[in-house]
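>>> build me a model:
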Amino acid sequence: MSSQPSKHLETFENPQKDRDYTIRIRIPEFTCLCPKTGQPDFAQLQLEYVPDGQCVELKSLKMYVWSFRDEGAFHEAVTNRILGDLVAATAPRFMRLTAEFNVRGGVYTTVTAEHRAPDWQPPQEVKLP
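Predicted structure coming up:
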């Protein structure tokens, strides 16, 4: 197999540094293991961010997400860890990660974690008639 899971996140230079814009990435096949039972947990990740100097490269993101497949992790911990790693790699103006975990024992879990650069203010929303 030529591709392997990896914790390394590659980035590339933001092509439009002078503008706030939003990148949305949907990752429907996230898996990790329940740290209590070892059974697989499945989730859809929704990443939204306003880049500053760097953007995350998608193939490396795919390999990074894959690297959690055999790791035990609580939903809250893994969501915050992924957000922390992405923030460390890209230093965005704003980033939000939402993890919607599939049912386990009759319970659905959704965890949302956010990062906001201290000097960044969101643009005012424009509502057209």
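>>> output the below-cut-off pLDDT ranges for this structure.
Low-confidence regions of the chain, defined by pLDDT under 70, span residues 1-2.
>>> and the helices in it, which stretches?
Along the chain, counting by DSSP state H, helices occupy 58-66, 75-90.
>>> and the strands in the protein?
Using DSSP state E, the strands of the chain run over 11-13, 23-33, 40-50, 54-56, 94-104, 107-116.
>>> which other helices and strands does the last one contact?
When you say that, I think you mean strand 107-116. Packing partners of strand 107-116 (3 or more CB pairs under 8 Å, 6 or more residues apart in numbering; DSSP states H and E): helix 75-90, strand 94-104. For glycine as for every other residue, the C-beta is placed from the backbone atoms N, C-alpha and C.
>>> any idea of the angle that strand forms with strand 94-104?
170 degrees (axes from the mean of the first three to the mean of the last three CA atoms, to 10 degrees).
>>> direction included, what does strand 107-116 pair up with?
Counting by DSSP bridges, the strands paired with strand 107-116 are strand 94-104 (antiparallel).
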